[in-house]
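J.: predicted model, plus sequence, below.
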Amino acid sequence: MKVAIYSEAKAHHQQIAWYRGCTNIQYFANNIRKEPFYMMKTFYTLTFTHEFEYSNDSVFFAYSVPYTYSDLIDDFIAIEMDPLKAQ
């Protein structure tokens, strides 16, 4: 599963919102143990490589594309405005 990326500069210049990317993606158990009750369990590490396209850019990374409350409201409005779906 690729990392979700949002670049403010890319959104401005290319009208691209969240997209999937990165290379060398690795997810593995590390040597840090969960304390005190989970002695046999470990924490995990996610590593990846990303090449930044723009200088002075704000870039956000996420495991999945965020679905905000505003997205939910927009979806509800779209459903209500569609006569077939509104039934």
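T.: It's in. Numbering: from 1, shown residues only.
J.: the residue nearest the centre of the chain bridge partners, please.
T.: For the chain, the residue nearest the mean C-alpha position is residue 62 (2.8 Å; Cα atoms, centre = their mean). Beta bridges link residue 62 to residue 4, judged by DSSP bridges.
J.: that one reaches residue 1, doesn't it?
T.: No. Residue 62 is not in contact with residue 1 according to Cβ atoms under 8 Å; the separation is 11.4 Å. Quick note: C-beta positions are derived from backbone N, CA and C, even for glycine.
J.: re earlier: quick one: contacts for the residue nearest to the centre of the chain?
T.: Listed by Cβ atoms under 8 Å, 6 or more residues apart in numbering, the contact set of residue 62 reads 3-6, 18.
J.: could you do residue 34 as well?
T.: Applying Cβ under 8 Å, 6+ apart, the residues near residue 34 are 41-43.
J.: how close does the residue nearest to the centre of the chain get to residue 18?
T.: 8 Å (Cβ to Cβ, to the nearest Å).
J.: what of residue 53?
T.: Residue 53 is 15 Å from residue 18, by Cβ to Cβ.
J.: give me the element residue 70 is part of.
T.: Following DSSP states H and E, one finds residue 70 within helix 69-81.
J.: and that helix, what does it pack onto?
T.: Here helix 69-81 touches helix 83-86, going by 3 or more Cβ pairs under 8 Å, 6 or more residues apart in numbering; DSSP states H and E.
J.: which residues sit against the helix or strand hosting residue 30?
T.: Element membership of residue 30 [criterion: DSSP H and E] is strand 23-33. Contact partners of strand 23-33, identified using Cβ under 8 Å, 6+ apart, comprise 1-3, 39, 41-50.
J.: using ChimeraX, make a named selection holding only the buried ones among those residues.
T.: In ChimeraX, this line selects whichever of the contacts of strand 23-33 come out buried by 16 or more other Cβ atoms under 10 Å:
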select :3
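J.: done for today, thanks.
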